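Asker: this is the structure alone, sequence omitted:
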């Protein structure tokens, strides 16, 4: 019963965090639309960082322009897979960082999904000038940071045994011996 209560608490806190992060992403995009659309870029750090309104109909970095349906379908599927992983992860505190990465990816994916469904494009507004980096938004920051975090965790933090406990990734060992192993 305690494990179920703990799972419910983790699911509730994760859901609340996802909603807060999506709300923050949507709020920043609404500010960008209200104050940047139709105006010149606003320099935050001269020749380094600008706020610049862009309507992106593609994916990250503007690739796959006009392929909205793929992203409208893909974001909920990826989010559902991450929710499944989070619910099936062992309850050990060591997996909290992986859960946080999943929450960030879900928040970013759904934040951009809302734009695509509602408007047909994603609002981007943060521009890093020195390397002419593509214009991006808060949801993109969530996804990018979480993806790097997951890669770090899987390569350097989790042991092989712990990685094997991650649903859809690891190969849980069957506790019963295989009859064919007795040869």
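Answerer: Structure's in. What do you need? These figures come from a predicted structure and were not determined experimentally. Residues are numbered from 1 along each chain as shown.

Asker: C-alpha only now, for contacts and for neighbours.
Answerer: Fine.

Asker: from residue 109, how far off is residue 137?
Answerer: 12 Å (Cα to Cα, to the nearest Å).

Asker: spell out the secondary structure type for residue 100.
Answerer: helix (DSSP: H, G, I helix; E, B strand; the rest coil).

Asker: and for it, the neighbour number?
Answerer: 18 (other Cα atoms under 10 Å).

Asker: check contacts around it.
Answerer: residue 146 (Cα atoms under 8 Å, 6 or more residues apart in numbering).

Asker: list the buried residues in the one helix or strand residue 107 maps to.
Answerer: Secondary structure assignment for residue 107, by DSSP states H and E: helix 96-119. Residues of helix 96-119 classed as buried by neighbour count (16 or more other Cα atoms under 10 Å): 98-116.

Asker: mind checking the SS state of residue 38?
Answerer: Classified using three-state DSSP, residue 38 is coil.

Asker: let me know the secondary structure of the residue nearest to it when sequence neighbours are not counted.
Answerer: Distance criterion Cα to Cα, 6 or more residues apart in numbering; nearest residue to residue 38, sequence neighbours excluded, is residue 53 at 7.8 Å. Secondary structure for residue 53, judged by three-state DSSP, is strand.

Asker: right, and residue 53 touches residue 124 too?
Answerer: Yes. Using Cα atoms under 8 Å, residue 53 is in contact with residue 124, at 6.1 Å.

Asker: for residue 130, give its distance to residue 49.
Answerer: 8 Å.

Asker: now swap in residue 26 and tell me
Answerer: Distance from residue 26 to residue 49, by Cα to Cα: 21 Å.
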